[in-house]
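1. I need the structure of the sequence given here:
(chains A and B)
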Amino acid sequence: MEFRDQLVEQVPRLRRYARALMSNREHADDLVQDTLERALSKTEFFEKGTDLRAWLFTVMHNLYVNTIRKASMRAMHVGIEDEGVAERDEMAVTPNPAGSLELRDLDFALQQLPLDLREVVLLVGLEEMSYSDVALTLDIPIGTVMSRLSRGRERLRSLMSGKVPAARLKVVQ
Amino acid sequence: MNTRGTKIEDDDFHAYVDGVLPEYRRETIEFLLHENPAAAVRVDDYFSLNSLLHKRYDPILAEPLPARFRELLQDPTPKWFRLPAANWPRFSALAAMLTLGIGIGFGVQSGMGTGGSASGSGTRASSLHDVRYSGHDSGDSFVRKAALAHVVYMPEVEIPKTGAGIKDLDFVKWLTSRMGTDVRPPNLEQSGFQLAGGRLLPDADGSMAQFMYRNAQGERVTLCVSRRKASSNTTAFRLYEDGPVKVFYWIDGQYGYAVSAGIERATLLRLSHDVYAQFTPVSE
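-> Now for the predicted structure:
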């Protein structure tokens, strides 16, 4: 399969992760676009036969960290300034009003997590990466992955306290 | 914490939630959760967080690929015959609708009867006229890919305004050489659907051809034909629902077929039978 085709396959996952990472639709897609452009221009750095997904998430991680370093973008991440985006986002949640409140809270809670914790919680919980792939992607020791996961989940849990449904939800594998 | 002589670490709870804990540790954890309500609540919350994340962000997986990514990643050599600019306004409404239902997840058992009869219990789906709702099986990744391809590529479908038929011979020839077999798009004009485009899709398990059809009302149907590396037994028609996208699919030896659309089930089933008949030799 050609490299571009392989990239196309990864785009939906990259977009999902970017949206969870920064909440604002336009900024998230900008990050995905930067990631793809970087991947296309640095194709020679990708080792054939290795995990393309991990490589792309690494590229995205580096870009994002650099962006944050360069500019203080935090205010933009919440994305409330973009009315159009907010409206369209409304369509993306469940029709149940109580449910959508919870999901909105999730956006907000995630934005309050420090980036290093947020990344690990999302790569494990949403992207379902193995702990070792997360370590590889973020270039950190596996022990750090575990401690960030633990702190991230606890922090998120308290941020969402009272909003996480009490009933146990089965995880769809 | 200590129970039954095995030390339980914080990491074990996470590994348990993420489904990566070895079996023997799992039993220990489950015993401990039974004994310790506080730990049980914590673990439940972790499970809930994971499913909330999926519920909130999985709909993005089903969004049509924005044009900027398609342009960026377009192969310089054309792989599909041209489909003029998409009818975006109409499509965006469907896209918005799509994301509503998709959080329910894959393999939803809807428990409806077949073809209007609700007396499905106990009858086996041994004939192709039966329909089974999809659970998790080997066809899953294929059908998911077909549903995804329907959503991702459908906006590109537009019938040429000239009224001239699509010159598909070159494409069919090219597709045949790539798939290593003669793959012709079936004719669905009897049902009012005209061929509007096609492409070869990247597929790790083999190759997959996608044909797109449209009727006068602008409804779109895509047919995916996948040639698989492994051959399996012929299956009955199965229905897979992903939000408003319904997919009828079946596997016949080396080939998998999936007919996807956001139209009524009965209409889609009729179309699927039409497709099946055209791909199956009369002698069978």
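2. B:Thr176 contacts B:Asp182, correct?
-> Yes - applying Cβ atoms under 8 Å, one finds B:Thr176 in contact with B:Asp182, separated by 5.3 Å. Heads up, the C-betas are built off the backbone N, CA and C, glycines and all.
3. Going along the chain, name the strands of the stretch 151-284 of chain B.
-> For the stretch 151-284 of chain B, the strands defined by DSSP state E, counting those that start in this stretch occupy B:194-201, B:206-214, B:220-232, B:237-242, B:245-261.
4. pLDDT of the second one, averaged?
-> What that stands for is strand B:206-214. Average pLDDT, strand B:206-214: 80.
5. And the longest one, by the same measure?
-> Computed over strand B:245-261, the mean pLDDT rounds to 85.
6. and if you look at stretch B:43-56?
-> For stretch B:43-56, the mean per-residue pLDDT is 91.
7. Does that stretch reach chain A?
-> Yes - on the criterion Cβ under 8 Å from any Cβ of the partner chain, stretch B:43-56 is in touch with chain A at B:44-56.
8. neighbours around the residue of chain A found nearest chain B, how many?
-> Nearest residue of chain A to chain B, counting by Cβ to the nearest Cβ: A:Asp5, 3.6 Å away. When neighbours are counted by other Cβ atoms under 10 Å in any protein chain shown, A:Asp5 registers 15.
9. Surely it is in a strand?
-> No - the assignment for A:Asp5, made by DSSP: H, G, I helix; E, B strand; the rest coil, is helix rather than a strand.
10. quick one, domains of the chain?
-> No chain in the question, so chain A it is. Listed by automatic domain parsing, the domain ranges of chain A are A:1-92, A:96-164.
11. meant chain B actually
-> Using automatic domain parsing, chain B is parsed into the domains B:2-58, B:72-279.
12. Spell out, range by range, the strands that occur in chain A.
-> Taking DSSP state E to define them, one finds no strands in chain A.
13. Can you pull out the low-pLDDT segments for it?
-> Residue ranges of chain A with pLDDT under 70: A:1, A:71-104, A:162-173.
14. burial count for B:Leu65?
-> Applying other Cβ under 10 Å, we find 17 residues neighbouring B:Leu65.
15. any idea how far chain A is from it?
-> 6 Å (Cβ to the nearest Cβ, to the nearest Å).
16. Backbone dihedrals for that residue, please?
-> For B:Leu65, the backbone dihedrals (degrees, to the nearest 10) come out as phi -60, psi 120.
17. shouldn't it be in contact with A:Gln10?
-> No - the pair B:Leu65 / A:Gln10 is not scored as a contact, 11.4 Å apart, by Cβ under 8 Å.
18. Please give me every residue in contact with the spatially closest residue to A:Gln6 that is not a sequence neighbour.
-> The shortest distance from A:Gln6 to any non-neighbouring residue, by Cβ to Cβ, 6 or more residues apart in numbering or on different chains, is to A:Leu52 (5.6 Å). Neighbour list for A:Leu52: A:Gln6, A:Leu7, A:Gln10, A:Phe46 [criterion: Cβ atoms under 8 Å, 6 or more residues apart in numbering or on different chains].
19. go again using 7 Å as the cut-off
-> By Cβ atoms under 7 Å, 6 or more residues apart in numbering or on different chains, the residues touching A:Leu52 are A:Gln6, A:Gln10, A:Phe46.
20. Among those, which one is most surrounded by other residues?
-> Neighbour counts for the contacts of A:Leu52 (other Cβ under 10 Å) peak at A:Gln10, which has 19 neighbours.
21. gap between the residue lying closest to that one once chain neighbours are set aside and A:Gln6?
-> Excluding the flanking residues, the one nearest A:Gln10 by Cβ to Cβ, 6+ apart is A:Leu56, at 5.5 Å. Per Cβ to Cβ, to the nearest Å, A:Leu56 is found 9 Å from A:Gln6.
22. just B:Tyr257 next, same as before
-> From B:Tyr257 across to A:Gln6, the span is 25 Å (Cβ to Cβ).
23. Helices along the chain, start to end?
-> By default, I'm working from chain A. Assigned by DSSP state H, chain A shows helices spanning A:3-22, A:25-41, A:52-70, A:74-78, A:83-92, A:97-112, A:115-125, A:131-138, A:142-159.
24. ah, I was thinking of chain B
-> Applying DSSP H to chain B gives helices spanning B:10-17, B:23-35, B:37-57, B:67-73, B:88-101, B:140-153, B:169-179, B:265-279.
25. Make TSV from those helices and add mean neighbour count and distance to B:Ala209 to it.
-> Formatted as TSV, the helices of chain B follow (neighbours: other Cβ atoms under 10 Å in any protein chain shown; distance: least, Cβ to Cβ, whole Å):
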stretch	mean neighbour count	distance to B:Ala209
helix B:10-17	20	40
helix B:23-35	14	42
helix B:37-57	20	31
helix B:67-73	15	19
helix B:88-101	15	22
helix B:140-153	22	10
helix B:169-179	15	6
helix B:265-279	17	12
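26. Now the weakest link among these, please, by mean pLDDT.
-> Averaging pLDDT over each of those puts helix B:88-101 lowest, since it has a mean of 37.
27. okay, now B:Thr181: neighbour count?
-> By other Cβ under 10 Å, neighbour count at B:Thr181 equals 14.
28. okay but B:Ala147 is in contact with B:Ser260, surely?
-> Yes - using Cβ atoms under 7 Å, B:Ala147 is in contact with B:Ser260, at 5.6 Å.
29. intersection of neighbour lists for these two?
-> Common contacts of B:Ala147 and B:Ser260, defined by Cβ under 7 Å, 6+ apart, comprise B:Val245, B:Val247.
30. about what we covered before: tell me the one among the contacts of A:Leu52 nearest to B:Pro244.
-> A:Gln10 (25.1 Å; Cβ to Cβ).
31. Pull the contacting residues for the closest one.
-> Contacts of A:Gln10 (Cβ under 7 Å, 6+ apart): A:Leu52, A:Arg53, A:Leu56.
32. right, and the helices of chain B - which one's nearest B:Asn233?
-> For the helices of chain B, proximity to B:Asn233 was assessed by Cβ to Cβ; helix B:140-153 is nearest, at 14.6 Å.
33. Can you name every helix or strand that the closest one contacts?
-> strand B:220-232, strand B:237-242, strand B:245-261 (3 or more Cβ pairs under 7 Å, 6 or more residues apart in numbering or on different chains; DSSP states H and E).
34. hmm, 8 Å instead?
-> Here helix B:140-153 is seen to pack against strand B:194-201, strand B:206-214, strand B:220-232, strand B:237-242, strand B:245-261 when contacts are counted using 3 or more Cβ pairs under 8 Å, 6 or more residues apart in numbering or on different chains; DSSP states H and E.
35. the inter-axis angle of the last one versus helix B:140-153?
-> Read it as strand B:245-261. Per axes from the mean of the first three to the mean of the last three Cα atoms, to 10 degrees, the angle that strand B:245-261 makes with helix B:140-153 is 70 degrees.
36. How about strand B:245-261, which residues are buried there?
-> For strand B:245-261, burial by neighbour count (16 or more other Cβ atoms under 10 Å in any protein chain shown) applies to B:245-252, B:255-261.
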